Structure formats: C-alpha cells, structure tokens
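Visitor: no sequence on this one, just coordinates:
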C-alpha cells in the first residue's frame, strides 16, 4: 500500500516542488504567469482531456453520471457554505467572498488530478478527471464570474449570460463537451489527428503541476482562523461530504473511490487567477492554496489508503 501511495503522490509533489523551486530561485517570473497559464489551461490540459474522453465508449460516459452528481453537489454545497461564512462571519466583500468560496470548493482537478488518477487507477480512468473538470467549470466557476462581474467597477461587464458565455468559451470547458459530443454521435477521430492531440496533451499533467508550484512560490503565507477553516474544509470535510453523498446515492464502489480521492485533492489556483483578473489579490486565498497543498500530503494519502478496497 505504501508503494501505491508513493507511486501516486510522488510525481504530483515532485512537479509542484520543481515549479516552486523555479519561482523561489527567481529563475522564472512567478508574478506574470499568464502565458504559461494559457499554455497549460488553453492548450495542453484541454488536449489531454479531449484525447482521453474521445477514446471512451458511450457506456463508459454513462457510467460517469453518478460521479458527476456527487462532485457537482459537494462543490455547490461547500461553495454556498463558504460564501455565506465569508460574508456574514468575516464581513468580506462579495467579490473576495466568491474567490474564497471557489478556492475552497474547487479542488485542483486539472493539475493534480490527471497524474494522480493515471498512477492510481490507470489511464482508462482519466475520463473521471475530465468529468470533474467539466463539473467545476460548469457549476461553481460561472457563479464566481457572475458575482465578480456584478461587483466589478467596470461598467457593462455584468450579466449572467455573459458569465456563462465566457465560461463555455474556455478550451478547458469546451474540450470535454466536444469530446462527449464526438462519442455520443459515434464519430471517430482519425488516427493521425488523435495522435496529434495526444502529443500536445502529454505535456498537460507535468506542465500543470509545474504551474501550480510556480504560483505557490509567489504567495505570502499568513495563517489565521479563516485560512485554517478553509483548508480543513477543502482537505477533510470535502472528501467526507463526497463519501456521504456517494453512500446516500448508493453509487458503485469505483465511483465512490474516485469521488472521494478527487475531492481530497488540494485546492486549485482558479480562485487566484479569477481574483487577479478583477483586481482582487487575496492573502487568504494565497495562504489557503499553500496550506491545502502541504496538508494534502497527509490527507490525500489517507484518502487513498482508506478507499483502497473500493473498485
């Protein structure tokens, strides 16, 4: 079991650590990551997701529905809970509250999920990561964009329609949706094109982990009650909530394991990127990102160990 956990976690933390070292040593600019973020989130990871999903059968995709329900419900519940807490208890503004809620409720599916699930369950199960990314992009990301748009100082940016349109234009959202459409219609992807997409996608997992570490190296750590609550919510309560939902919905063992492990991933950096886009630089979010990543070395290992008998 120790070997299985090490095989699954070591590549994840090695990639993050390498990115952190690159930013900490000033060999790379950890303040301006827009171009690297575009490479990862607009090209490499979407290509990896598309290449994975398009090879799946209709039956395989249908089997992902319970997982999609669990992940969507758990993220939405935590998002609402953390948003209300940030507004009512800590008295922060709606924009920052939405960024904090997104950070806590949305695990790092895109960066840590791909290599972790590949090592733990094998490449065929990477379709579960694509489902997770799609759920996060469709459920909680648009809510955050709506709140940020409506509280932005720039006139004319608000509106639910614009927020959803902006979300669905993102390649990381389009990729799984287009791949599902290909599978649903029975259209096959020509082999040369499939190999070409897979080649770009091979850079996705490693580059995403490196980007996470690079972003982490630019964050200032300031621990406090808010950061502690958000970190424990993301790393402990989220997988427990996913387990409870999986039990309540009586999903198959493999779907239960995937939902728990994916929910136990550390928080992602979408909250930071969304916040910077609207002029919100939250120390709470940056500190939560670092604390959650460090704590996940223990909590993620525990999730893998405790779910070893499932699926």
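Guide: That came through, no problem. Model, not experiment: these values are computed from the prediction.

Visitor: any idea what residue 308 is structurally, helix, strand or coil?
Guide: The three-state assignment at residue 308 reads coil, by DSSP: H, G, I helix; E, B strand; the rest coil.

Visitor: Look up phi and psi at it.
Guide: Here the main-chain torsion angles of residue 308 (degrees, to the nearest 10) amount to phi -60, psi -30.

Visitor: from memory it sits against residue 3, does it?
Guide: No - the pair formed by residue 308 and residue 3 falls short of the contact definition of Cβ atoms under 8 Å, at 11.9 Å. Bear in mind the C-beta positions are built from the backbone N, C-alpha and C, glycine included.

Visitor: Of those two, which one has the most company?
Guide: Relative neighbour count places residue 308 above the other of residue 308 and residue 3, with 13 against 7, counting by other Cβ atoms under 10 Å.

Visitor: With adjacent residues omitted, what lies nearest to the more buried one?
Guide: Distances taken as Cβ to Cβ, 6 or more residues apart in numbering put residue 1 closest to residue 308, at 6.2 Å, once the chain neighbours are dropped.

Visitor: Looking at that neighbour now. What's its pLDDT?
Guide: Confidence per residue is given as pLDDT, and for residue 1 that number is 70.

Visitor: ok, now residue 311?
Guide: What the model reports for residue 311 is a pLDDT of 65.

Visitor: All further residue positions should be reported with the first residue as 33.
Guide: Okay, residue one is now 33; in that scheme the one you just asked about reads as residue 343.

Visitor: Which positions in the host helix or strand of residue 50 come out as buried?
Guide: Of the helices and strands defined by DSSP states H and E, residue 50 is found in helix 34-56. Across helix 34-56, burial judged by 16 or more other Cβ atoms under 10 Å covers 37, 40-41, 43-45, 47-48, 51-52, 54-56.

Visitor: Return the residues in contact with the closest residue to residue 96 other than its chain neighbours.
Guide: For residue 96, ignoring the flanking residues on the chain, the nearest one in space by Cβ to Cβ, 6+ apart is residue 163 at 4.7 Å. With contacts defined as Cβ atoms under 8 Å, 6 or more residues apart in numbering, the neighbours of residue 163 are 96, 99, 100, 103, 208.

Visitor: Which parts of the stretch 183-332 of the chain are helices?
Guide: With helices called from DSSP state H, counting those that start in this stretch, the stretch 183-332 of the chain shows them at 192-200, 203-217, 223-233, 236-248, 257-264, 270-281, 285-295, 302-309, 315-338.

Visitor: related to what we said a few turns ago, possible to save the buried residues of helix 34-56 as TSV with pLDDT and distance to residue 135?
Guide: Conversion of those to TSV gives the following (pLDDT from 0 to 100; distance: Cβ to Cβ, whole Å):
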residue	pLDDT	distance to residue 135
37	77	26
40	76	24
41	83	21
43	84	24
44	83	19
45	88	20
47	89	20
48	89	16
51	93	18
52	93	18
54	95	23
55	94	19
56	94	22
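
Visitor: Out of the residues you listed, flag the one nearest to residue 171.
Guide: Nearest to residue 171 among the buried residues of helix 34-56, counting by Cβ to Cβ, is residue 44 at 24.0 Å.

Visitor: For the stretch 233-343 of the chain, give me the ranges with low pLDDT.
Guide: For the stretch 233-343 of the chain, the stretches with pLDDT under 70 are 343.

Visitor: Tell me the spacing between residue 137 and residue 163.
Guide: Shown here: residue 137 relative to residue 163, a distance of 16 Å by Cβ to Cβ, to the nearest Å.

Visitor: Just give me the neighbour total for residue 317.
Guide: With neighbours defined by other Cβ under 10 Å, the count for residue 317 comes to 24.

Visitor: got a list of what it touches?
Guide: If a contact means Cβ under 8 Å, 6+ apart, then residue 317 has 131, 132, 135, 303, 304, 307 as its contacts.

Visitor: For the last one, which non-adjacent residue is spatially closest?
Guide: Spelled out, that is residue 307. The spatially closest residue to residue 307, leaving aside those adjacent along the chain, is residue 131, at 4.3 Å (Cβ to Cβ, 6+ apart).
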